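Colleague: with the input below, show me the fold.
(one chain, ligands or ions: 1)
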Amino acid sequence: MLNQNYEPMQICTAKRALNLVFLGKAKLVETEGQDVISISARYPFPSVVRIDRYIRIPNRNVVLSRKNILKRDGHQCQYCGATGISLTIDHIVPKKQFGKDTWENLVTACITCNNKKGSRTPENANMKLFKKPKKPTRIHYLQKFIRRNNQSWKQYLYLD
Ligand SMILES: [Zn+2]
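Modeller: Take a look at the predicted model:
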């Protein structure tokens, strides 16, 4: 579901999306897959709808936690790419060098990489990060819900 300004808001069921369209509260933007068939009619399956009136969303920050850092990094070591093993949280700029507990300074690392890096910066340890860690946004959160049958969401989530 998109806000009136096309900003992605939330994920809802197809039924809810169609209801909003019928009530005149939203417009159908993208359809996908097979039509929805009722006793009396046939409707295109809603994939993306946009509401008619702008809704102000308070800035809901994602909480900085071990769980959310792992989630942001896809449970993957940001140095060697390992997955499915015990993971730790690494301070990019070590605490000893006054590195902070921030989204930008914390990454997922496997035990081997974390030990190898020790209390050095990646530059000093000659290790490279996959990507620059950022504070996750609502868009990142919604991107994780894309499945094979909702490819049309991508363009609204900046993935196309
Ligand atoms: Zn690693």
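Colleague: any figure for the gap between the residue nearest the centre of the chain and the ion?
Modeller: The structure's the chain has its C-alpha centroid closest to H140; by C-alpha atoms, centre = their mean the separation is 2.2 Å. Noted for H140: a distance of 22 Å to the ion, by C-beta to the ion, to the nearest Å. (Each C-beta comes from the backbone N, C-alpha and C, glycine too.)
Colleague: tell me the SS of that residue?
Modeller: Secondary structure state of H140, per DSSP: H, G, I helix; E, B strand; the rest coil, is helix.
Colleague: how near is the residue nearest to it when sequence neighbours are not counted to I57?
Modeller: Residue nearest to H140 in three dimensions, not counting chain neighbours: R72, with 7.0 Å by C-beta to C-beta, 6 or more residues apart in numbering. Look at R72 and I57: by C-beta to C-beta, to the nearest Å, they are 20 Å apart.
Colleague: more neighbours, the two?
Modeller: R72 (22 against 11; other C-beta atoms under 10 Å).
Colleague: OK, contacts around the more buried one?
Modeller: W103, P133, P136, H140 (C-beta atoms under 8 Å, 6 or more residues apart in numbering).
Colleague: what's the ChimeraX line that selects buried ones from the residues you listed?
Modeller: A single ChimeraX command selects the buried members of those (16 or more other C-beta atoms under 10 Å):
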select :103,133,136
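Colleague: between the contacts of R72, which is closest to A17?
Modeller: Distances from A17 to the contacts of R72, taken as C-beta to C-beta, are shortest for H140 (22.3 Å).
Colleague: in a strand, N19, correct?
Modeller: No: per three-state DSSP, N19 lies outside any strand segment and is helix.
Colleague: okay, now it: neighbour count?
Modeller: Quick note: N19 (other C-beta under 10 Å) scores 15 neighbours.
Colleague: for P94, same thing?
Modeller: Count around P94 with other C-beta under 10 Å applied: 17.
Colleague: before we move on, what about I69?
Modeller: I69: 20 neighbours (other C-beta under 10 Å).
Colleague: run a quick check on it versus T108, I expect a contact.
Modeller: Yes: contact criterion C-beta atoms under 8 Å: I69 and T108 qualify, at 6.1 Å.
Colleague: which neighbours do the two have in common?
Modeller: With C-beta under 8 Å, 6+ apart as the test, I69 and T108 both reach I89.
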